[in-house]
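Asker: need a structure here:
(one chain, ligands or ions: 1)
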Amino acid sequence: EKGGHASFMEKEILEQPKAIADTLLGRTDEDGKLVLDEMNIDPDRLRAIDKIIIVACGTAFYSGLSAKYAIEHWTRIQTEVELAHEFRYRDPVVDDRTLVVSMSQSGETMDTLMAVKHAKELGALTVSICNTYGATIPRESDAALYTHAGPEIAVASTKAFTAQIAACYLLGLYLAQLRGGTYAEDAQAVMRELAEIPQHVDTVLGSMDRVREIARFMSDTRSVLFLGRHVGYPIALEGALKLKEIAYIHAEGFAAGELKHGPIALIEPGQPVFIVMPAQDSPYDLHAKVVSNIQEIRARGARTLVITERGDEAVRPFADEVIEVPRTSVMMMPLLSIIPLQVFACELATAKGLDVDQPRNLAKSVTVE
Ligand code: F6R
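Answerer: Model prediction:
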């Protein structure tokens, strides 16, 4: 069933163009307007929402963190992202104008389910973004928006992650369209950009030879750091999680701006650091800010592996390796920059001879609290 691939994880990484395309399929009408009738929620209830809280665990949590930037930007609704098990037991401020979005590939994660039940008790409107039709979490929620990534077998989540971001973007654009305002007019243009993502992911997947080679060279590495800023920050966290989970390498993700507040002390000669660059046309000179972070760590001997857009000349003088992805808009970039990090972890774990699909101590679906 692995279709000639070394692992299910490898196969699922390669299935991402289809997973994203299928998740977008049938969600717009002939004019390109978003139609999410399947959620079956009274539009007036959605118009009244004044806060969104995304609850999830692990990789699903990082997909929520990635989507937060776009959802707030498009909808102007305050959006929090919280680990489900923290949300459940801390007396959160939730009422009938709160939309609680749970994100779960399996739809069976007990921590996430308990958070959803709690949100309902507090009167919130609950929407489940889930990859498993009819699972417990979507059944317990007021509405479900399914990702159509297909069954995910490898314990480490890959195609569900990108499909979850795509589904969150659909929800964000739908809310923007429904509520009017500046972004309502742009929703269709953003949808067109989103529709091009599967083909860009395909391009990234087709250019991973060097990343695989780097991964094989690094199979003895003891520690890898990941830096990102803005939408690249959750990608750094997810890249680190993938490496811990399947390659058993100590890995940590940081917000690039946080470097000088502590983590830079970790940099010593030879320390590998992945940097997930913001798009070159990111607001507030974020790109230049991260270039100067790379400069700082390189000066202290770090080995810098930079994931950035094609044509980014500014990073080159400070990069030991440049890993390019196609140019897209700011909010679309995380869907591309995660791909090399998935491939890197998968290839490194394979080179170490580990069981990539069934890492030690982990289960695909965590049905206990
Ligand atoms: C990471 C991973 C886990 C899951 C987490 C949530 O690769 O697989 O971190 O993402 O346990 O699982 P779901 O999405 O099924 O709720």
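Asker: what helix or strand does the closest residue to the ligand within the stretch 201-350 of the chain sit in?
Answerer: At 5.5 Å from the ligand, residue 245 is the closest residue in the stretch 201-350 of the chain, using C-beta to the nearest ligand atom. In short, each C-beta sits where N, CA and C put it, glycine included. Residue 245 is part of helix 232-247, with elements assigned from DSSP states H and E.
Asker: ok, residue 327 - contacts?
Answerer: For residue 327, the contacting residues are 279, 280, 309, 310, 311, by C-beta atoms under 8 Å, 6 or more residues apart in numbering.
Asker: Work out for me the element it sits within.
Answerer: Here residue 327, judged by DSSP H and E, is contained in no helix and no strand.
Asker: do you know how far it is from residue 261?
Answerer: Distance, residue 327 to residue 261, using C-beta to C-beta, to the nearest Å: 31 Å.
Asker: List the residues that contact the residue of the stretch 201-350 of the chain closest to the ligand.
Answerer: Residue 245 makes contact with 155, 156, 345, 359, 362, according to C-beta under 8 Å, 6+ apart.
Asker: Produce a ChimeraX select command limited to the buried residues of those.
Answerer: The ChimeraX selection below is limited to those of the contacts of residue 245 classed as buried (16 or more other C-beta atoms under 10 Å):
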select :155,156,345,359
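Asker: tell me the two of the contacts of residue 245 that are most distant?
Answerer: For the contacts of residue 245, the farthest-apart pair by C-beta to C-beta is 345 and 362; their separation is 13.6 Å.
Asker: Around the ligand, which positions in the stretch 251-369 of the chain sit nearby?
Answerer: Within the stretch 251-369 of the chain, the positions near the ligand by C-beta under 6 Å from any ligand atom are 365, 366.
Asker: Show me where the stretch 251-369 of the chain has its helices.
Answerer: Assigned by DSSP state H, counting those that start in this stretch, the stretch 251-369 of the chain shows helices spanning 286-299, 333-351.
Asker: Which positions in the first one come out as buried?
Answerer: Across helix 286-299, burial judged by 16+ other C-beta under 10 Å covers 286, 287, 290, 291, 293, 294, 296, 297, 298.
Asker: same for that helix, what does it pack against?
Answerer: When contacts are defined as 3 or more C-beta pairs under 8 Å, 6 or more residues apart in numbering; DSSP states H and E, helix 286-299 sits against strand 223-228, strand 272-276, strand 303-309.
Asker: In terms of secondary structure, what does the second one contact?
Answerer: Under the contact definition 3+ C-beta pairs under 8 Å, 6+ apart, strand 272-276 sits against strand 223-228, helix 232-247, helix 286-299, strand 303-309, helix 333-351.
Asker: Would you indicate which residues of stretch 351-367 are buried?
Answerer: For stretch 351-367, burial by neighbour count (16+ other C-beta under 10 Å) applies to 351, 352, 354, 356, 357, 358, 359.
Asker: average pLDDT for it?
Answerer: Averaged over stretch 351-367, pLDDT sits at 91.
Asker: Measure how far it is from the centre of its chain, please.
Answerer: Put simply, stretch 351-367 sits 20 Å off its chain's centre (C-alpha atoms, centre = their mean, to the nearest Å).
Asker: Show residues contacting it.
Answerer: So stretch 351-367 is in contact with 6-10, 57, 106, 108-111, 152-156, 215-216, 219, 245-248, 346, 349-350, going by C-beta under 8 Å, 6+ apart.
Asker: Now do the residue in the chain that the ligand sits nearest to against residue 320, distance only.
Answerer: Nearest residue of the chain to the ligand (C-beta to the nearest ligand atom) works out as residue 58 at 1.9 Å. Using C-beta to C-beta, we find residue 58 at a distance of 30 Å from residue 320.
Asker: So for these two, which sits in the more crowded spot?
Answerer: Higher neighbour count among residue 58 and residue 320: residue 58, with 22 against 14, using other C-beta atoms under 10 Å.
Asker: check contacts around the more buried one.
Answerer: Residue 58 makes contact with 157, 241, according to C-beta under 8 Å, 6+ apart.
Asker: dump the residue contacts of the residue most central in space within the chain.
Answerer: By C-alpha atoms, centre = their mean, the chain has its centre lying nearest to residue 63, at 3.3 Å. Residues near residue 63 by C-beta under 8 Å, 6+ apart: 56, 103, 161, 162, 164, 165, 168, 234, 238.
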